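*Asks:* Only the shape, not the letters, is given here:
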């Protein structure tokens with residue numbers, strides 16, 4: 001059994017992303033538009049993370065700040081599920097709160 005997730009990136013003449021969309025048929029997603037994406041892939045042989053970070057040129061900065069905050073919170077949750085390390089998870093979440101406070105994301 002396999003499952004496919006597909007990303008489509010439309011570029012302008014300078015190779016800057018103008019449009020991002022993704023499809024994950026198993027999840028019921030078909031050519032859903034996105035303004036930004038961050039993908040991390042672990043290369044076990046090289047013991048390093050490979051990354052693809054893309055955003056469209058019309059991605060608003062205020063939305064990018066929220067996107068980063070939500071990504072950091074999700075990373076803390078994923079770290080906890082993967083390691084059960086309560087102490088570091090709490091530290092990461094403290095940073096997420098600090099990040100949101102400094103960017104005035106939380107009211």
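*Replies:* Thanks, I have it. Bear in mind that the values here come from a model prediction, so they are computed numbers and not experimental data. Residues are numbered from 1 along each chain as shown.
*Asks:* going forward, measure contacts and count neighbours with C-alpha atoms only.
*Replies:* Noted.
*Asks:* The residue nearest the centre of the chain pairs with what?
*Replies:* Nearest to the mean C-alpha position of the chain, by C-alpha atoms, centre = their mean, lies residue 38 at 3.8 Å. Taking DSSP bridges, one obtains residue 53 as the residues bridged to residue 38.
*Asks:* Same check on the one 10 residues further on?
*Replies:* Here residue 48 sits in beta bridges with residue 43, as judged by DSSP bridges.
*Asks:* Can you give me the neighbour number for residue 36?
*Replies:* 19 (other C-alpha atoms under 10 Å).
*Asks:* and the gap between the residue nearest to it when sequence neighbours are not counted and residue 87?
*Replies:* Using C-alpha to C-alpha, 6 or more residues apart in numbering and skipping residues adjacent in sequence, the residue nearest residue 36 is residue 55, 4.0 Å away. Computed as C-alpha to C-alpha, to the nearest Å, the residue 55 to residue 87 distance reads 33 Å.
*Asks:* cool, residue 65 as well?
*Replies:* 26 Å.
*Asks:* So those two - more neighbours on which side?
*Replies:* Taking neighbours as other C-alpha under 10 Å, residue 65 and residue 87 compare with residue 65 leading, 16 against 10.
*Asks:* So for the more buried one, what's the nearest residue that isn't a sequence neighbour?
*Replies:* Per C-alpha to C-alpha, 6+ apart, closest to residue 65 is residue 103, 7.5 Å.
*Asks:* The one you found and residue 96, how far apart?
*Replies:* Taken as C-alpha to C-alpha, the span from residue 103 to residue 96 is 11 Å.
*Asks:* Tell me how the protein divides into domains.
*Replies:* Here the domain assignment for the chain is 1-56, 60-106, based on the TED database.
*Asks:* Adding mean pLDDT, write those out as TSV.
*Replies:* Listed next are these as TSV, based on pLDDT from 0 to 100:
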stretch	mean pLDDT
domain 1-56	96
domain 60-106	97
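*Asks:* list the buried ones in the top helix by length along the chain?
*Replies:* Longest helix of the chain, by residue count under DSSP state H: helix 61-83. For helix 61-83, a neighbour-count test (16 or more other C-alpha atoms under 10 Å) marks 65, 67, 69, 72-73, 76-77, 79-80 as buried.
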